[in-house]
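Asks: Model the following, please.
(2 chains)
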Amino acid sequence: MFDISVIQQNWPLFWNGLLVTLFYSAISIAAGLVIGLIVGLIQLTGSRALSALGRVYVEIFRNIPLLVILLWIYYAFPIFAGLAVTKFWAGFAGLSLYAGAFYAEILRAGVQSIDKGQTDASTALGMTYGQRMRRVILPQAFRRMIPPLAGQSIIQIKNTTLMSMITVPDLLYQASYVSSFTYRPMEVYTMVGVMFLVLLVPLTFLSRKLETISERVK
Amino acid sequence: MSKSDPLLKIEGLRLKFGQREVLRGVDLSVEKGEVVVLIGASGSGKTSLLRCINLLNMPSAGRITIGGEAIYDADPAGRDGNGVPAKTVNRIRSQTGMVFQQFNLFPHMTALENVMEGPVTVKGANVEATRKEALDLLAQMGLQEHVGKHPRQLSGGQQQRVAIARACAMHPQVMLFDEPTSALDPELVGEVMKAMVDLARTGMTMVIVTHELGFAFEIADRVIFLDLGTIAEDGPPKDVLLRPTHPRLKSFVGRFHETADLLRPFLEGG
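Replies: Just a heads-up that it's a prediction; the model follows:
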């Protein structure tokens, strides 16, 4: 039968795991957004070399499974480069680079979805590339990008669990640990699922709300 | 720029889209205050020519000067590309106003913000003074009731009048109109045409691409017929539209002719 005391007795471990999960989620989403903005924008400058460079980055990180990326950065990269990579840097870099590729695609698609006439009209007024982006294109594109950005960020929070494979002590890692000495996987993994539900259902709800708002201002 | 120089001068202009040559050596001069209408079948290059004037389309050869200053000057060695620096291009662009078929207003801004955007962002103009002028311009367009509305809350005719006000706010030397009434419901065409006629009366230099030959007849000082990327006929509207010589122009204005023939007894009082 379901023994809740397993959870209660080991609550500090779950709590620490949750904080680690939230910490990595927050910093990798933030860094991913910065990477995505840069990579997305260089793909839109019209320079073929820069655009190809961005494309290569996006395709590499979109098409290699995140778990493989994390394992590669933590175990393989140090051998290539001859330098030590800590768990923190492996987890942070892997998650951020992976998220950055998806955010870049969202940004590029958002900007490209804006009618060509908007570029014509702002160019005809004498605006520079920067002015066109800042005043006309990005304000419209960002509104369209809110729902996919929110969706991708929720996926990102769930993806942090893969860091347990490189021994970052996130929620899933702590749960595995608790399970290993209590022999109660049923209670422990159910708890992990519940904690993610409690965390993400409100966020999903919020992103739906943002979607209807961005629909209205379109 | 000496007094006799034309305001807009286009010499040997060529434009290629890939392998297809859309403009094959166009020479055109427009005097200050002149209203020139470009007509031609679709694919004749009239919209392309208009979009070359402010470099929304980048030509492949030739020279364009506005107010005596080159905005496009092909490399003398004959390579593609513009010998004029981007900064100069943007500055001269801001001295041309453009009105589009699909209006292309900025949907995230109100009518007033649309009109203020150019002067404030591009020229760094004083916000309060610009607001006052923008309100005046919108009032001239009969839009004083609508200054706070977003484009989606306006009819096509109202949107196009906001677009005209937006272009005027930059104090352009020349206004370019790309089929400004083609996307409008028939009952809204008149209000936009009237705004354009009013603007022409103020002495604004205008280059207009349109399919409305009756409107061309009324507003134009000169009508230019483009065919296969070159100027096939150029003259006052009564010559080009009523006494065409070029065979393709004859068939092009055929329908207009039938109407004009029907109306002639009334127009000539008998």
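Asks: Give me the residue ranges of the chain where confidence is low.
Replies: Defaulting to chain A. Within chain A, the stretches with pLDDT under 70 are A:214-218.
Asks: could you do chain B instead?
Replies: For chain B, the ranges with pLDDT under 70 are B:1-4, B:75-80, B:259-260, B:262-270.
Asks: Can you name the residues of it that neighbour chain A?
Replies: Applying C-beta under 8 Å from any C-beta of the partner chain, we find that chain B lies next to chain A at B:54, B:56, B:86, B:90-98, B:100, B:102-108, B:117-118, B:121-122, B:163, B:166-167, B:170, B:176. C-beta: built from backbone N, CA, C; applies to glycine.
Asks: Can I have the buried ones of the residues you listed as a PyMOL selection?
Replies: To isolate the buried subset of these in PyMOL, counting by 16 or more other C-beta atoms under 10 Å in any protein chain shown, use the following:
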select buried, chain B and resi 54+56+90+92+93+94+95+96+97+98+100+102+103+104+105+106+107+108+117+118+121+122+163+166+167+170+176
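Asks: Inside strands: which ones of the residues of chain B next to chain A?
Replies: Among those, the members found in strands (DSSP state E) are B:Thr96, B:Gly97, B:Met98, B:Leu176.
Asks: burial of B:Val127, as a residue count?
Replies: When counting by other C-beta atoms under 10 Å in any protein chain shown, one arrives at 11 neighbours for B:Val127.
Asks: Ok, A:Leu70 next?
Replies: Neighbourhood size, A:Leu70 [other C-beta under 10 Å]: 23.
Asks: all strands of chain B, in order?
Replies: Under the criterion DSSP E, chain B carries strands at the ranges B:8-17, B:20-30, B:35-39, B:61-66, B:69-73, B:96-99, B:174-178, B:205-209, B:222-227, B:230-235.
Asks: Just the helices from chain A, written as ranges.
Replies: For chain A, the helices identified by DSSP state H occupy A:5-9, A:11-44, A:48-63, A:66-71, A:77-81, A:87-112, A:116-124, A:129-131, A:138-159, A:171-182, A:185-217, in order along the chain.
Asks: helices or strands up against the longest one?
Replies: It refers to helix A:11-44. Applying 3 or more C-beta pairs under 8 Å, 6 or more residues apart in numbering or on different chains; DSSP states H and E, we find helix A:11-44 packed against helix A:48-63, helix A:87-112, helix A:138-159, helix A:171-182, helix A:185-217.
Asks: wait, which of the ones you listed is closest to B:Gly214?
Replies: With respect to B:Gly214, and counting by C-beta to C-beta, the nearest of the helices and strands packed on helix A:11-44 is helix A:138-159 at 37.1 Å.
Asks: what's the angle between the closest one and helix A:87-112?
Replies: Taking axes from the mean of the first three to the mean of the last three C-alpha atoms, to 10 degrees, helix A:138-159 and helix A:87-112 form an angle of 150 degrees between their directions.
Asks: Quick one: distance of helix A:138-159 to the chain centre.
Replies: The chain centroid and the centroid of helix A:138-159 are separated by 9 Å, computed with C-alpha atoms, centre = their mean, to the nearest Å.
Asks: got it, and stretch B:112-130?
Replies: Distance of stretch B:112-130 from its chain centroid, counting by C-alpha atoms, centre = their mean, is 22 Å.
Asks: now swap in stretch B:8-21 and tell me
Replies: Computed by C-alpha atoms, centre = their mean, the chain-centroid distance of stretch B:8-21 equals 17 Å.
Asks: Just the buried positions in it, please.
Replies: Across stretch B:8-21, burial judged by 16+ other C-beta under 10 Å covers B:Leu8, B:Lys9, B:Ile10, B:Leu13, B:Arg14, B:Leu15, B:Lys16.
Asks: just stretch A:143-157 next, same as before
Replies: Of the residues in stretch A:143-157, those buried by neighbour count under the rule 16+ other C-beta under 10 Å are A:143-154, A:156-157.
Asks: Which ones among these also lie next to chain B?
Replies: Near chain B, judged by C-beta under 8 Å from any C-beta, the entries from the buried residues of stretch A:143-157 are A:Arg143.
Asks: Put together TSV for the buried residues of stretch A:143-157, with distance to B:His257 on each row.
Replies: Conversion of these to TSV gives the following (distance: C-beta to C-beta, whole Å):
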residue	distance to B:His257
A:Arg143	50
A:Arg144	49
A:Met145	53
A:Ile146	55
A:Pro147	55
A:Pro148	55
A:Leu149	58
A:Ala150	61
A:Gly151	60
A:Gln152	61
A:Ser153	64
A:Ile154	66
A:Gln156	67
A:Ile157	70
